[in-house]
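Asker: here is my input; please provide its structure:
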Amino acid sequence: MREKLLSTAAAVAIVVGIGGYAMAADMPTKAFSPAPMAPPVTWAGWYFGGHLGWGTSKVDGNVVDPGDFTYSASVRPQGSLLGLQSGYNWQAGQVVYGFESDVTVTPGWKKNVGEDGPPSDDTGVHGEVHGLATVRGRLGWAFDQRWLAYGTAGVAWASTTNMAGTSQQHFVALAGANTRTGWVAGGGVEYKYNPTVSMRLEALYYGFNHTETIACGDCGASGFHATTGLKNVAVVRFGVSWYPQPW
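Answerer: Model prediction:
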């Protein structure tokens, strides 16, 4: 009797197993779906952001009395800076090209140099840079998707106040703020933190090489005059840009 029960149970188990296997074979298999891929990182499109850093400039000046003395000096206004930038990139393979404009303020960039006593009293040069602006082209090479090395060059403007003179002749040349036009060139490295945010480190050199001369209006025919001008600016700055829509 016991052997008969065991034989019956074994037969039932075999039938159930075969039936279950057949049902499993008849069930449709669910296709494997891979996880959605992140959008590719590109540099194309509009962007805008801000930057901060440090820079230095050079202002030359001299005071000349043909019959007495010539005083010459340079001052280097320098300090921190901050500003905004915006631009547009196109990308062809690993080549990235585009344009960018920026406005930068330079608070506290002012310096004086001078001498008291002979050959004249309070002779000196004053230099001050209020702000900078550029419109530049950019050309770079993208590598490892997220990195971009680039060079840049274009037109630059500077708001500056430069003075040179002496209290002996009651004369100061070129007082007041002026806008100077020059050129700018530099380069940097930029990193795409994600498809919409990038960070950069760049260096720019501005060339103005400006000189202006004003003669003393109340010194008779002595030929007394002063010259002064902004020569150059160099900056290093860190920036963050936002790409409103990844392309």
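Asker: could you use CA atoms for every contact and neighbour count after this?
Answerer: Will do.
Asker: show me where this protein has strands.
Answerer: According to DSSP state E, the chain carries its strands in the segments 45-65, 69-75, 78-92, 95-105, 110-115, 123-143, 147-166, 171-173, 177-194, 197-207, 212-215, 225-242.
Asker: the second one vs strand 45-65, what angle?
Answerer: Pointing back at strand 69-75 there. Interaxial angle of strand 69-75 relative to strand 45-65 (axes from the mean of the first three to the mean of the last three C-alpha atoms, to 10 degrees): 160 degrees.
Asker: mind listing the strands strand 69-75 pairs with, and their directions?
Answerer: Using DSSP bridges, strand 69-75 pairs in its sheet with strand 45-65 (antiparallel).
Asker: pLDDT of the strand it pairs with, averaged?
Answerer: Rounded to a whole number, the mean pLDDT of strand 45-65 is 93.
Asker: any idea how far it is from the chain center?
Answerer: Distance, stretch centre to chain centre, for strand 45-65: 12 Å (C-alpha atoms, centre = their mean, to the nearest Å).
Asker: mind putting the strands of the chain into a markdown table with mean neighbour count?
Answerer: Output for the strands of the chain, formatted as a markdown table (neighbours: other C-alpha atoms under 10 Å):
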| stretch | mean neighbour count |
| --- | --- |
| strand 45-65 | 20 |
| strand 69-75 | 18 |
| strand 78-92 | 18 |
| strand 95-105 | 19 |
| strand 110-115 | 17 |
| strand 123-143 | 22 |
| strand 147-166 | 22 |
| strand 171-173 | 22 |
| strand 177-194 | 17 |
| strand 197-207 | 19 |
| strand 212-215 | 15 |
| strand 225-242 | 22 |
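Asker: where among these is the average confidence lowest?
Answerer: Taking each of these in turn, the one with the lowest mean pLDDT is strand 171-173, at a mean of 54.
Asker: what bridges to residue 194?
Answerer: Residue 194 has the following beta-bridge partners by DSSP bridges: residue 197.
Asker: and the gap between it and residue 80?
Answerer: Spatial separation of residue 194 from residue 80 under the definition C-alpha to C-alpha, to the nearest Å is 28 Å.
Asker: what of residue 205?
Answerer: Noted for residue 205: a distance of 15 Å to residue 80, by C-alpha to C-alpha.
Asker: check residue 188 too.
Answerer: Using C-alpha to C-alpha, we find residue 188 at a distance of 19 Å from residue 80.
Asker: same question for residue 62.
Answerer: In this structure, residue 62 and residue 80 are 27 Å apart, going by C-alpha to C-alpha.
Asker: swap in residue 165?
Answerer: Distance, residue 165 to residue 80, using C-alpha to C-alpha: 28 Å.
Asker: kindly report the same for residue 69.
Answerer: When C-alpha to C-alpha is the yardstick, residue 69 and residue 80 sit 36 Å from each other.
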